[in-house]
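# I would like the atomic coordinates for the input below:
(one chain, ligands or ions: 1)
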Amino acid sequence: MKVAIVYGTIEGQTGKVARFVSQHLKAKGHEVRMFDAKDHSVDIDISDAEKVILAGSVHERRHPEDFEVYLMAQRDALNAKESLLLSVSLSAAFKAGREEAQDYVTELSMRTGVDPTQVALVAGAVRSRKYDYFSSMVLRHVVLRDRPSIPADGTHEFTDWDQLRDAVDTFVGAAA
Ligand SMILES: Cc1cc2nc3c(=O)[nH]c(=O)nc-3n(C[C@H](O)[C@H](O)[C@H](O)COP(=O)(O)O)c2cc1C
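Next comes the predicted model:
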C-alpha cells in the first residue's frame with residue numbers, strides 16, 4: 001500500500017515518531033513517502049497515496065504552524081482520503097491529561113476543517129536542554145502546572161512505541 005506521512009515537529013520527537021512509523025511500514029512491505037511540513041522546498045504530493053498519516057506535536061495547545069497551514073491548504077484532498085492523525089503532546093502521557101489532549105485535536109479540526117478518519121493521542125517527550133528560557137517556563141508553569149510526576153528537567157521520553165505501532169497497524173490494516 002502507498003502511504004504518505006506528513007509531519008510537523010518543533011523539538012524533534014514527532015520527527016522521531018514519523019521515522020519510526022515509516023520504518024515500521026516499510027518493513028511490512030508498504031511504500032512510504034515522508035514529508036516535513038516545514039520543508040517548503042518540497043512539493044508535498046499525496047495524490048497517489050492510498051492512506052495518509054498526519055503527525056504533529058502540540059505547543060501551547062497548537063500543532064506547528066506549517067503543519068496547520070498545510071492541513072488548511074489541503075483540507076479537501078485530505079478529507080477525501082483515509083487518514084490517521086498522530087497528535088503528540090505531554091498531556092497524552094497520563095490519564096488525567098487525555099481529555100485535554102483530545103481537545104487539541106478538536107481545536108485543530110475546527111481551525112483547519114480536516115476531519116481525520118482515526119486519531120491517536122501519542123505521548124511526547126521533555127527535552128529541557130533544547131528549550132530557551134520562555135519555553136522552559138511555559139513547560140514548567142503552564143503544561144506541567146499540576147503534574148509534578150513529570151520532571152521538567154533533563155530528557156524524558158514518554159512515547160509508548162508498542163502502542164504507536166498498534167495504532168498504525170490498525171489504521172493500515174483496516175483497508176487491507
Ligand atoms: C514551550 C512548550 C509548550 C508546550 N505546550 C504543550 C501543551 O500545550 N500541551 C501539551 O500537552 N504539551 C505541550 N508541550 C509538550 C510537547 O508537546 C512535547 O514536548 C512534544 O514531545 C514535543 O514534540 P516535538 O519534539 O515533535 O516538537 C509543550 C512543550 C514546550 C517546550
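# burial measure for Ala4, as a count.
Neighbourhood size, Ala4 [other C-beta atoms under 10 Å]: 22. The way it works is simple: take the backbone N, C-alpha and C, and place the C-beta from them, glycine included.
# do I have it right that it meets His30?
No. If you go by C-beta atoms under 8 Å, Ala4 and His30 don't touch, sitting 10.8 Å apart.
# close to the ligand: what parts of this protein are there?
Contacts of the chain with the ligand, taken as C-beta under 6 Å from any ligand atom, map to 9-14, 57-61, 88-91, 124-126, 131, 135, 138-139, 143.
# only the buried subset of the residues you listed, as a PyMOL command please.
Typed into PyMOL, the line below selects the buried ones among the residues of the chain next to the ligand, using 16 or more other C-beta atoms under 10 Å:
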select buried, resi 9+10+11+13+14+57+58+59+88+89+90+91+124+125+126+131+135+139+143
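# and the residues of the chain next to the ligand, which of them are in helices?
Assigned to helices by DSSP state H, the following of the residues of the chain next to the ligand qualify: Gln13, Thr14, Ser135, Val138.
# where does the protein dip in pLDDT?
Applying pLDDT under 70 to the chain flags residues 148-153, 174-176.
# what about the strands in it?
Remark: strands assigned in the chain by DSSP state E are 2-8, 31-36, 51-57, 82-89, 118-123, 125-127, 155-157.
# quick one: the fourth one to chain centroid distance?
Translated: strand 82-89. 5 Å (C-alpha atoms, centre = their mean, to the nearest Å).
# list the strands paired with that strand, with their directions.
Paired strands of strand 82-89, with direction, are strand 51-57 (parallel), strand 118-123 (parallel) (DSSP bridges).
# for those strands, which one sits closest to Lys95?
Relative to Lys95, the nearest member of those by C-beta to C-beta is strand 118-123, separated by 11.2 Å.
# how about that closest one, which residues are buried there?
Gln118, Val119, Ala120, Leu121, Val122, Ala123.
# turn those residues into TSV, including distance to Arg98.
Listed next are the buried residues of strand 118-123 as TSV, based on distance: C-beta to C-beta, whole Å:
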residue	distance to Arg98
Gln118	16
Val119	12
Ala120	12
Leu121	6
Val122	11
Ala123	10
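# residue of the chain with the smallest distance to the ligand?
Gly124 (2.2 Å; C-beta to the nearest ligand atom).
# that residue touches Phe158, doesn't it?
Yes. Gly124 lies in contact with Phe158 (C-beta under 8 Å); the separation is 6.4 Å.
# overlap of the contact sets of these two?
Contact criterion C-beta atoms under 8 Å, 6 or more residues apart in numbering; residues shared by Gly124 and Phe158: Leu90, Ala93.
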